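K.L.:
model the structure of this input:
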Amino acid sequence: MRIALGNDHAGFPLKDSVSRTLTDLGHEVVDRGTQDDTPIDFPDVARRVCDAVLAGDADRGVLVCGTGVGAAIAANKVPGIRAAVAAEAFTAAQGVEHDDVNVLCVGAWLVGPVFVEPILRAYLDATFSTDPDFRRRVDKLHALDREGRGND
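P.N.:
As a prediction, this is how the structure comes out:
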């Protein structure tokens, strides 16, 4: 898979570990983040990652900021993006399986290099369930995007 990776200054310390893990797992990294710890606004980075996913330049996205929360809020403002914060593997996998998450948000202040590998592996190994209940719910999320709710 091609993975759009974005980070702000708070996520910069974890960026190399995330990028290396993605590559070691056999994925191509499309870098959309900052290259140092100079302060940058996470909504700008989130937009670049989301645009890559929506344009088909990446299959999924990964955002790294301090807690993952700000990145998730910003990403979820973009219609067609379903972002979730995960600090452990179960949430990362279930987010894809049940909610068709296409952008994973990780907090560099909360998740260190040792713990990020199983989170990324779970996220990238998971596939969206064929269960009609999950499909129906995600279809409703798409309808909310079309209506413009939650995106202002």
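K.L.:
for this structure, which segments count as helices?
P.N.:
12-24, 42-55, 69-76, 89-99, 113-125, 132-147 (DSSP state H).
K.L.:
identify each buried residue in the longest one, please.
P.N.:
Taking 16 or more other Cβ atoms under 10 Å as the neighbour-count basis, helix 132-147 is seen to contain the buried residues 138, 145. Bear in mind the C-beta positions are built from the backbone N, C-alpha and C, glycine included.
K.L.:
what mean pLDDT would you report for it?
P.N.:
Averaged over helix 132-147, pLDDT sits at 90.
K.L.:
also the second one?
P.N.:
Throughout helix 42-55, pLDDT has a mean value of 97.
K.L.:
alpha carbons of it, as PDB, please.
P.N.:
Coordinates of the C-alpha atoms in helix 42-55 are reproduced here as PDB (Å, rounded to 0.1, in the frame of the first residue of the first chain):
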ATOM      1  CA  PHE A  42      -1.500  20.400  12.300                       C
ATOM      2  CA  PRO A  43      -4.600  21.200  10.200                       C
ATOM      3  CA  ASP A  44      -2.300  22.100   7.300                       C
ATOM      4  CA  VAL A  45      -0.600  18.700   7.600                       C
ATOM      5  CA  ALA A  46      -3.900  16.900   8.000                       C
ATOM      6  CA  ARG A  47      -5.200  18.500   4.800                       C
ATOM      7  CA  ARG A  48      -2.100  17.300   2.800                       C
ATOM      8  CA  VAL A  49      -2.500  13.700   4.000                       C
ATOM      9  CA  CYS A  50      -6.300  13.700   3.400                       C
ATOM     10  CA  ASP A  51      -5.900  15.200   0.000                       C
ATOM     11  CA  ALA A  52      -3.500  12.400  -0.900                       C
ATOM     12  CA  VAL A  53      -5.900   9.700   0.300                       C
ATOM     13  CA  LEU A  54      -8.900  11.300  -1.500                       C
ATOM     14  CA  ALA A  55      -7.000  11.800  -4.700                       C
END
